[in-house]
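Asks: dropping a prediction and its sequence here:
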Amino acid sequence: FFAMAMALPCDRQEELYSNFVRHFDTKVAELKGVALLKDVGDVPTTAVKLMELERLLVGAEGQLTRLKASLQADLAQAERAQALIHLMKQQQQYIVTLEDRLPKRLPGRHDAPPEPGASAEAPLPTKSPRRKPSSLAVHVKRIPYITKDELHAAPKYITSRLTLDKVNAVIDELHPLMIEKYKLKAMPYVRVPPRQMQQYKTYRDEETPGTKGTQFFSDNDLKALHLLRMDATGKNILAVLRHLGRIKEVRGNNLVRYVVQ
């Protein structure tokens with residue numbers, strides 16, 4: 001009894017011990033009363049008291065049996081709870097390990113990586129006046145992220161110095177460049193700001209029959225990127241994207257255009 005009780009919480013132990021002591025104090029007092037009857041003869045009242053004492057003792061045994069069963073049930077629950085806590089700790093460690101091994105960018109997700117020092121709290125929604133849909137709204141295709149398996153499957157001579165994060169970071173930087181390019185191209189000529197007119201004409205001049213109906217960026221556009229330089233590493237990144245079918249080269253007029261597939 002005591003070994004099982006020690007495994008319970010402190011408040012539960014105190015309650016059980018108090019009930020146990022109170023119950024047996026009562027029974028000891030009753031037994032003392034019976035001891036006073038040792039010199040009493042065969043009196044009918046003595047037989048009645050003995051029968052009452054037997055009933056009380058049987059009740060006490062029943063209470064003790066039920067108490068023991070309750071303690072055993074509590075111990076079984078405690079063992080199951082301990083096993084569950086152990087499994088939860090294992091699961092937590094597994095999740096932490098899995099999170100550490102995940103790449104920063106996952107295929108199928110194109111959320112822009114957070115800026116350093118940016119708050120993780122979502123901004124409060126604000127009401128804004130309704131605006132008519134802009135006629136200049138354009139949908140720009142996004143290059144899908146590459147996966148670890150795809151990078152490993154590419155030829156080693158173009159991937160030896162590349163990492164998954166480095167290639168996908170360039171993909172992230174290309175997308176806003178493409179958005180700005182095709183927003184400008186979608187403007188009617190008369191609405192193009194003077195300071196952007198030269199760029200507008202350059203974009204128009206880059207079009208060829210091979211790029212009709214497509215979206216592309218060119219070697220000229222790549223000059224505005226910070227993460228991609230036309231050195232050996234930058235050329236290898238473009239080669240990987242081309243090898244994996246993310247882009248297609250269209251050459252002409254001494255310019256390379258990269259069509260997003």
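Replies: It's in. All of these numbers come straight from a predicted model, not from anything done at the bench.
Asks: CA atoms for contacts and neighbours, from now on please.
Replies: Fine.
Asks: buried stuff in stretch 193-205?
Replies: Buried residues in stretch 193-205, counted by 16 or more other C-alpha atoms under 10 Å: 200, 203.
Asks: please save the CA atoms from that stretch in PDB.
Replies: Provided in PDB are the C-alpha atoms of stretch 193-205 (Å, rounded to 0.1, in the frame of the first residue of the first chain):
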ATOM      1  CA  PRO A 193       7.500  58.100 -67.600                       C
ATOM      2  CA  PRO A 194      10.300  60.000 -69.400                       C
ATOM      3  CA  ARG A 195      12.900  58.700 -67.000                       C
ATOM      4  CA  GLN A 196      11.900  55.100 -68.000                       C
ATOM      5  CA  MET A 197      11.500  55.700 -71.700                       C
ATOM      6  CA  GLN A 198      15.000  54.400 -72.600                       C
ATOM      7  CA  GLN A 199      14.500  51.300 -70.600                       C
ATOM      8  CA  TYR A 200      11.100  50.800 -72.200                       C
ATOM      9  CA  LYS A 201      12.600  51.000 -75.700                       C
ATOM     10  CA  THR A 202      15.400  48.600 -74.700                       C
ATOM     11  CA  TYR A 203      12.900  46.000 -73.500                       C
ATOM     12  CA  ARG A 204      10.900  46.300 -76.700                       C
ATOM     13  CA  ASP A 205      14.100  46.000 -78.800                       C
END
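Asks: so for K156, what's the pLDDT?
Replies: With respect to pLDDT, K156 has a value of 93.
Asks: R131 now?
Replies: In this model, R131 carries a pLDDT of 53.
Asks: over to A35?
Replies: Confidence score, pLDDT, at A35: 61.
Asks: likewise for A60?
Replies: pLDDT at A60 comes out at 80.
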